[in-house]
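Chemist: Could you work out the structure for the sequence below:
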Amino acid sequence: MVTKDKNNDNKFEVYKKLLLEIKEKISGDIRDLSEENTGSGNDRGGDVSGHALHMADVATDMYDREFTLGLAANDRELLFQVEEALSRIQEGDYGICVSCKKPIPATRLKALPHTQNCMKCQELRETKRR
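Modeler: Down below sits the predicted model:
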């Protein structure tokens, strides 16, 4: 039985490495987005001339900021999913669909190493959302 656990650890090591790479990239992206978004709304390229900004410029800045915040939220959600997948590897539940408890095919895990569901269950989830 110990041999089986060791084989599972080796089997999932590739996915663990992929997940850690994704986690590092996403963490960097979130950091970068946060740094871009920390300036005040009037921080446009260091313009401190005291002139009022044009309404269209303000609207563009607000749109850009909201768009950036949306990207950061998406990245945080993906980071959460990656951390959950790493936890499932630790617990020995990785590669098993959380809905139907059947194995998730390796091709799906390679494409989406953070996935929790097999294709059939994922399609059902997405159909229910509509």
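Chemist: CA atoms only: put stretch 88-100 into PDB for me.
Modeler: What follows is stretch 88-100 as a C-alpha-only set of coordinates in PDB (Å, rounded to 0.1, in the frame of the first residue of the first chain):
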ATOM      1  CA  ARG A  88      -6.400  18.000  -3.100                       C
ATOM      2  CA  ILE A  89      -3.000  16.600  -4.100                       C
ATOM      3  CA  GLN A  90      -1.900  16.800  -0.500                       C
ATOM      4  CA  GLU A  91      -5.100  15.000   0.600                       C
ATOM      5  CA  GLY A  92      -4.900  12.400  -2.100                       C
ATOM      6  CA  ASP A  93      -8.200  13.500  -3.800                       C
ATOM      7  CA  TYR A  94      -6.600  15.100  -6.800                       C
ATOM      8  CA  GLY A  95      -7.800  13.800 -10.200                       C
ATOM      9  CA  ILE A  96     -11.100  12.700  -8.900                       C
ATOM     10  CA  CYS A  97     -14.300  14.600 -10.000                       C
ATOM     11  CA  VAL A  98     -15.800  16.300  -7.000                       C
ATOM     12  CA  SER A  99     -19.300  15.700  -8.400                       C
ATOM     13  CA  CYS A 100     -19.400  12.100  -9.600                       C
END
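Chemist: the helices in the chain, which residues?
Modeler: Ranges of helices within the chain are 2-36, 55-91, 106-111, 119-129, based on DSSP state H.
Chemist: Quick check: pLDDT value at the closest residue to Glu36 other than its chain neighbours.
Modeler: Spatially, and ignoring its direct neighbours in sequence, Glu36 is nearest to Thr68 (6.2 Å; CB to CB, 6 or more residues apart in numbering). All C-beta spots, glycine's among them, are computed from the backbone N, C-alpha and C. According to the prediction, Thr68 has pLDDT 80.
Chemist: please renumber so the chain begins at 20
Modeler: With 20 as the first residue, the last one maps to Thr87.
Chemist: Out of the helices of the chain, flag the one nearest Ser118.
Modeler: Nearest of those to Ser118, taken as CB to CB: helix 138-148 at 3.9 Å.
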